[in-house]
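[1] Sequence below, structure please.
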Amino acid sequence: MKTFLKSCTALASVLSMTTVSLAQEPLQALGPGEGAVSIVAWAGYIERGETDKNYDWVTEFEKKTGCMVTVKTAATSDEMVALMNEGGFDLVTASGDASLRLVAGKRVQPINTALIPSWSTIDERLQNAPWHTKDGVHYGTPYVWGPNVLMYNTKAFGDKAPDSWNVVFEEMTLPDGKSNSGRVQAYDGPIYVADAALYLMTHKPELGIKDPYELNEDQYKAALELLRGQRKLVGRYWHDAMIQIDDFKNEGVVASGSWPFQANLLKADQPVASVFPKEGVTGWADTTMLHVDSEHPNCAYMWMEHSLSPKVQGDVSAWFGTVPSVPAACKGNALLGDEGCKTNGYENFDKIKFWKTPVSKCESQGECVPYHRWVSDYIGVIGGR
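    Now for the predicted structure:
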């Protein structure tokens, strides 16, 4: 046991070094794990077959490594940041509106890509993505990515799918002859301000919005006005995926921005479909990031390597409706199928406005409204102010 602990301590020291040359032999660097790894994750991201026995990428990992996986599900990026600030976790599957906040807050550490043998298999579009790379330093391992789709009830819309986000932003009579008021939902997270800005890029081009995450005072004011108008229509602001699923099943909700995860589960036995509206979509590219004070860095690195296997990437993408970060997962996966990546949006990467944290000094116009204002003002919107 003493030998094992010394081995783990030595390896932890190696893993904490961020200046290790990429020329090192990563397979020789990794030794035995510490027996556990804790992950803060989005719903559906870490499955062990409890929901559906076909979807299990945890059990094999635990058997192979001896690292027992525990998961804390988070419903929003703000909750993920709060949990990582609190500590006690090894990894987090952070979206782009959280990742750089975690870097800036020194809650996550740089990763040594030499200790992740499969790093070279990652989609080149993601290897150096700005939401996990700062000054050439990587702060995480790409996991999966995807769009925020428009999910709708096919009975309410008849044989013609909605092609615009106007069905959730503007009051109207739907094809079933009823108003959309009280029958639509919006996301319960400040980053949703970007969805309003994206809508305005098409419908009020005179505002000159170039990036929905970089808004000057006038653009931001217009987005808030749109959201305040939407407040009169919204039956619920959702953040729990399972509650939204129940709302579509039992509470008469007919349209909402959503994740492919909910749409995939509902399609199995409900009149539900999803579309990519003409205005485009926001989206997320999630990164597995290592806590600065991780107690199980060996197991954490083993998990990051495991997460990049084509089998895991394909299974996660089939389950959640995402796109793999490893292109090899797009072929030969029984659950995803050879057309799964295309169906889930592999070719739409450049059309998605990926989540990122709004900052005061922005590229498109110099001065922009920072995220802390988005937080306080969106709380006001939800509260009817």
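[2] Roughly how far does the closest residue to Gln365 other than its chain neighbours sit from Asp247?
    Distances taken as Cβ to Cβ, 6 or more residues apart in numbering place Asn216 nearest to Gln365, at 5.7 Å, with adjacent residues excluded. Any C-beta I mention is one placed from the backbone N, CA and C, and that applies to glycine too. Plainly put, Asn216 is 35 Å away from Asp247 if you go by Cβ to Cβ, to the nearest Å.
[3] Neighbour count: these two, which is higher?
    Comparing Asn216 with Asp247 by neighbour count (other Cβ atoms under 10 Å), the higher total belongs to Asp247, at 20 against 17.
[4] what are the ranges of the strands in the stretch 51-200 of the chain?
    Per DSSP state E, counting those that start in this stretch, the stretch 51-200 of the chain has strands spanning 68-73, 91-94, 133-134, 137-138, 141-147, 149-153, 184-187. These are given in chain order.
[5] is it possible to export those strands to CSV including mean neighbour count?
    Conversion of the strands of the stretch 51-200 of the chain to CSV gives the following (neighbours: other Cβ atoms under 10 Å):
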stretch, mean neighbour count
strand 68-73, 17
strand 91-94, 30
strand 133-134, 16
strand 137-138, 16
strand 141-147, 27
strand 149-153, 24
strand 184-187, 22
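[6] Worst mean pLDDT among those?
    Comparing mean pLDDT across the strands of the stretch 51-200 of the chain, the lowest value falls on strand 133-134: a mean of 93.
[7] Any idea how far apart the tips of stretch 169-176 sit?
    Stretch 169-176 has an end-to-end distance of 18 Å (criterion: Cα to Cα, to the nearest Å).
[8] in it, what counts as buried?
    Residues of stretch 169-176 classed as buried: Phe169, Leu174 (neighbour count, 16 or more other Cβ atoms under 10 Å).
[9] centre of the chain versus that stretch, how much separation?
    Relative to the chain's own centre, stretch 169-176 is displaced by 29 Å; criterion: Cα atoms, centre = their mean, to the nearest Å.
[10] Number the chain from 3, please
    All set: I'll call the first residue 3, so the last point we hit is now stretch 171-178.
[11] mean confidence for that stretch?
    This predicted structure assigns stretch 171-178 an average pLDDT of 98.
[12] ok, now stretch 244-257?
    When pLDDT is averaged over stretch 244-257, the result is 97.
[13] what residues does that stretch touch?
    Under the criterion Cβ atoms under 8 Å, 6 or more residues apart in numbering, residues 45, 152-155, 158-159, 164, 169-170, 176, 178, 182, 185-187, 237-238, 240, 258, 260, 264, 267-268, 272, 274 lie in contact with stretch 244-257.
[14] Next, count neighbours for Lys108.
    By the measure other Cβ under 10 Å, the count of residues near Lys108 is 8.
[15] phi, psi of the residue lying closest to it once chain neighbours are set aside?
    Distances taken as Cβ to Cβ, 6+ apart put Val294 closest to Lys108, at 6.0 Å, once the chain neighbours are dropped. Backbone geometry at Val294, expressed as degrees, to the nearest 10, gives phi -60, psi -30.
[16] what does the one 3 residues further on give?
    Glu297 has phi and psi values of phi -90, psi -10 when expressed as degrees, to the nearest 10.
[17] ok, it to Val39 distance?
    Shown here: Glu297 relative to Val39, a distance of 9 Å by Cβ to Cβ.
[18] any common contacting residues for those two?
    Overlap between the contact sets of Glu297 and Val39, as judged by Cβ under 8 Å, 6+ apart, is given by Asp92.
[19] Of these two, give the one with the bigger neighbour count.
    Neighbour comparison, Glu297 and Val39: the larger count goes to Val39, with 28 against 16 (by other Cβ under 10 Å).
[20] which secondary structure element contains that one?
    Here Val39, judged by DSSP states H and E, is contained in strand 38-43.
[21] which residues sit against that strand?
    The set of residues that contact strand 38-43 without belonging to it, under Cβ under 8 Å, 6+ apart, is 48, 69-76, 82, 85-86, 90-95, 290, 298, 301-302, 304-305.
[22] cool, stretch 176-186 as well?
    The list of residues contacting stretch 176-186 from outside it, by Cβ under 8 Å, 6+ apart, reads 157-160, 162, 169-170, 173-175, 234-237, 254-258.
[23] wait, what's in contact with the residue nearest to Gly51 when sequence neighbours are not counted?
    Take Gly51 and drop its neighbours on the chain: the residue closest to it by Cβ to Cβ, 6+ apart is Asp58, 3.3 Å away. In this structure, Asp58 makes contact with Glu49, Arg50, Gly51, judged by Cβ under 8 Å, 6+ apart.
[24] ok, back up a step: list the backbone torsions phi and psi for the residue nearest to Gln367.
    The phi/psi pair for Asn218 (degrees, to the nearest 10) is phi -80, psi -180.
[25] so what's the nearest residue to Val328 once chain neighbours are set aside up against?
    In this structure, Val328 finds its nearest non-sequential neighbour in Gln315, 4.6 Å apart by Cβ to Cβ, 6+ apart. Counting by Cβ under 8 Å, 6+ apart, Gln315 makes contact with Val146, Ser309, Pro326, Ser327, Val328, Ala330, Ala331.
[26] what about the last one, neighbour count?
    The local packing of Ala331 (other Cβ under 10 Å) involves 27 other residues.
[27] for the fifth one, same thing?
    One way to gauge burial is a neighbour count; for Val328, by other Cβ under 10 Å, it gives 23.
[28] Same question for the second one.
    Other residues within reach of Ser309 by the criterion other Cβ under 10 Å amount to 26.
[29] Could you verify my assumption that it touches Thr290?
    Yes. Contact criterion Cβ atoms under 8 Å: Ser309 and Thr290 qualify, at 5.9 Å.
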